[in-house]
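# compute the structure for the input listed below.
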Amino acid sequence: MSAASGLFVLVFLGLALAAPLLLYALVRSECDRRVEADRETAERLARRDTGDDRRMR
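As a prediction, this is how the structure comes out:
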């Protein structure tokens, strides 16, 4: 029983350390894919994302 509980603790600690690192890596990879645009292009992209055609001029 002691070996099983020791294994459980090791697996739990491994997951507790791996989960934040995985989340950090996912957030960093999302930041690498961002589009840098000037103000006019950013506004046009934002209007296109909303799907509200009434706001278009």
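# helices of this protein, residue ranges please.
Counting by DSSP state H, one finds helices in the chain at the ranges 2-32, 39-50.
# centre-most residue in the protein?
The residue lying closest to the centre of the chain (C-alpha atoms, centre = their mean) is residue 27, at 3.9 Å.
# quick one on the thing from earlier: looking at the helices of the chain, which has the lowest confidence?
When the helices of the chain are compared on mean pLDDT, helix 39-50 scores lowest, with a mean of 82.
# off-centre distance for that one?
22 Å (C-alpha atoms, centre = their mean, to the nearest Å).
# show me what that helix is packed against.
Here helix 39-50 is seen to pack against no other helix or strand when contacts are counted using 3 or more C-beta pairs under 8 Å, 6 or more residues apart in numbering; DSSP states H and E. C-beta here means a position set from N, CA and C on the backbone, and glycine is covered the same way.
# residues near residue 44, how many?
Burial of residue 44, expressed as a neighbour count using other C-beta atoms under 10 Å, amounts to 12.
# now it: how far from residue 20?
Computed as C-beta to C-beta, to the nearest Å, the residue 44 to residue 20 distance reads 37 Å.
# what's the answer for residue 3, then?
Noted for residue 3: a distance of 28 Å to residue 20, by C-beta to C-beta.
# again with residue 36
Counting by C-beta to C-beta, the gap between residue 36 and residue 20 amounts to 28 Å.
# compare those two (neighbour count), which wins?
For residue 36 against residue 20, the residue with the higher neighbour count under other C-beta under 10 Å is residue 20, and the figures read 9 against 6.
# if we can go back for a sec, ok, now which ones touch the residue nearest to the centre of the chain?
Residue 27 makes no contacts at all, as judged by C-beta atoms under 8 Å, 6 or more residues apart in numbering.
# and what of residue 40?
By C-beta under 8 Å, 6+ apart, the contact set of residue 40 is empty.
# distance of it from residue 33?
According to C-beta to C-beta, residue 40 and residue 33 sit 21 Å apart.
# equivalent analysis for residue 15, please.
Taking C-beta to C-beta, one finds residue 15 at 27 Å from residue 33.
# cool, residue 26 as well?
Relative to residue 33, residue 26 is positioned 11 Å away (C-beta to C-beta).
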